[in-house]
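Colleague: could you work out the structure for the sequence below:
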Amino acid sequence: MDRYERILTLHRLLKSAHYPVPLSRLMDELECSRATLYRDVAFLRDALGAPVQSVAGEQASFRYEAGEGDSFELPGLWLTSDELAALMALNELIGRSDPGVLAGALAPFKARIERLLSDHGSGKALPVDRIRVISWGARKMDQQVFRMVAGAVLERRQLSFRYRARTTNSDTKRTVSPQRLTHYRDNWYLDVWDHDREALRSFAVDRIAEPQALDAKAKDVEEAELNDLLASSYGIFAGKPKAWATIRFSSHAARWVADEHWHSQQKGEWLPDGRYELKVPYSNSRELLMDVLKYGPDAEIVSPLPLREEMKILLQLALSGYQGNGNRH
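Modeller: Residues are numbered from 1 along each chain as shown. Modelled structure (predicted):
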């Protein structure tokens with residue numbers, strides 16, 4: 001453990017201790033000799049101004065003075081090498097999973113972390129190239145639009161923008177009170193109170209154009225109400241659940257599905273024959289049907305009957321596309 005980490009560890013030990021910490025324990029925790037420990041204590045007290053107090057007794061011990069110790073913090077940013085490495089890994093994950101949108105804004109932060117690591121660590125660069133993040137289904141997004149939208153969310157200001165929905169391809173003008181940004185399946189969505197519709201809505205940020213932050217203060221909606229309408233059903237589609245879907249997976253697919261998170265309220269059960277039955281609440285069936293389809297013959301929608309019929313129609317339409325020699329235009 002280098003000196004930087006010893007000082008940080010010493011501070012955390014003394015600050016969290018309710019009783020004086022024996023010299024022997026400090027030496028064990030800091031992995032250092034008695035002489036080194038005394039030098040670190042002196043640096044912490046004299047150079048950094050920590051209220052370190054030595055306590056007399058059968059063995060030497062140290063503590064922070066009552067009252068002052070609770071309010072004392074080390075000046076600047078103090079993190080261990082492991083904590084800095086974790087931050088670097090997180091930054092790399094963000095940069096590789098969502099390049100451009102957040103990576104540019106975090107570039108100064110990344111450079112500072114790298115300097116901190118080289119200053120008090122081994123000086124070797126972290127092998128972040130060994131962290132591999134594969135983005136799946138991420139759509140292109142305008143960085144300026146994202147920053148404008150995020151700024152309105154954080155500053156609690158109303159926002160106006162043009163929106164072209166993929167389902168209808170219609171272009172509309174919206175004035176909203178942004179509530180929160182949601183990152184879902186490698187894409188960003190904006191949860192809002194739509195002043196024109198007087199209802200909660202969720203918009204894909206990559207379909208937002210010409211955003212303008214307004215002077216008017218955003219209307220705040222309670223988190224419970226947001227979750228009730230925007231997070232209680234399966235997938236990204238808004239709405240309170242209208243039914244529970246029961247999906248039965250083969251014993252082969254069950255080895256994956258049983259460990260997967262489909263919804264916060266999902267219910268799963270192993271069947272005697274090795275198959276797995278999953279139940280999830282849903283409002284809009286579209287995304288749920290697409291996710292079940294990817295399992296092909298290893299998944300069957302058991303109920304409700306309308307959802308099962310929807311799946312049968314989708315499978316029949318898919319099968320019809322493969323009839324003939326494939327030369328249809």
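Colleague: apart from its chain neighbours, what residue comes closest to Lys240?
Modeller: In space, Lys240 comes closest to Ser232 once its chain neighbours are excluded; the distance is 5.9 Å by Cβ to Cβ, 6 or more residues apart in numbering. Yep, even glycine has a C-beta here, placed from its N, CA and C like the rest.
Colleague: could you report the neighbour count for that neighbour?
Modeller: 17 (other Cβ atoms under 10 Å).
Colleague: which SSE is His183 in?
Modeller: Using DSSP states H and E, His183 sits within strand 171-184.
Colleague: moving C-terminal of that strand, what's the next helix or strand?
Modeller: Counting by DSSP H and E, what follows strand 171-184 is strand 187-194.
Colleague: partners of that following strand in the sheet?
Modeller: strand 171-184 (antiparallel), strand 199-204 (antiparallel) (DSSP bridges).
Colleague: host element of the residue nearest to Lys240?
Modeller: Per DSSP H and E, there is no helix or strand for Ser232.
Colleague: same question, Arg147
Modeller: Using DSSP H and E, Arg147 falls in helix 143-155.
Colleague: ditto for Met27
Modeller: helix 23-30.
Colleague: contacts for that helix?
Modeller: Helix 23-30 is contacted from outside by 1, 6, 9-10, 13, 33-34, 36-37, 40, 59-62, using Cβ atoms under 8 Å, 6 or more residues apart in numbering.
Colleague: and for stretch 289-296?
Modeller: Residues contacting stretch 289-296 (Cβ under 8 Å, 6+ apart): 235, 247, 249, 253, 257, 262, 299, 301, 307, 310-311, 314.
Colleague: now do the SS call for Thr168.
Modeller: Secondary structure state of Thr168, per DSSP: H, G, I helix; E, B strand; the rest coil, is coil.
Colleague: burial measure for it, as a count.
Modeller: 8.
Colleague: distance of it from Arg207?
Modeller: 11 Å (Cβ to Cβ, to the nearest Å).
Colleague: same check, this time on Arg180
Modeller: Counting by Cβ to Cβ, the gap from Arg180 to Arg207 is 18 Å.
Colleague: do Trp136 as well
Modeller: 19 Å.
Colleague: any idea how far apart the tips of stretch 292-304 sit?
Modeller: Chord length of stretch 292-304, first to last residue, is 14 Å (Cα to Cα, to the nearest Å).
Colleague: quick one: it to chain centroid distance?
Modeller: 29 Å (Cα atoms, centre = their mean, to the nearest Å).
Colleague: and it, average pLDDT?
Modeller: Stretch 292-304 carries an average pLDDT of 95.
Colleague: pull out the buried positions in that stretch.
Modeller: 292, 295, 298-301, 304 (16 or more other Cβ atoms under 10 Å).
Colleague: on that earlier part again, avg pLDDT for the helix holding Met27?
Modeller: 92.
Colleague: could I have it exported to CSV, CA atoms only?
Modeller: Listed next in CSV are the C-alpha coordinates belonging to helix 23-30 (Å, rounded to 0.1, in the frame of the first residue of the first chain):
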residue,chain,number,x,y,z
LEU,A,23,-1.4,1.1,17.2
SER,A,24,-1.2,-2.7,16.4
ARG,A,25,-4.4,-2.7,14.4
LEU,A,26,-3.4,0.4,12.5
MET,A,27,-0.1,-1.2,11.5
ASP,A,28,-2.0,-4.3,10.3
GLU,A,29,-4.6,-2.3,8.4
LEU,A,30,-2.0,-0.1,6.7
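Colleague: after that helix comes which helix or strand?
Modeller: Later in the chain than helix 23-30, the nearest helix or strand by DSSP H and E is helix 34-42.
Colleague: that following helix to helix 23-30, inter-axis angle?
Modeller: 90 degrees (axes from the mean of the first three to the mean of the last three Cα atoms, to 10 degrees).
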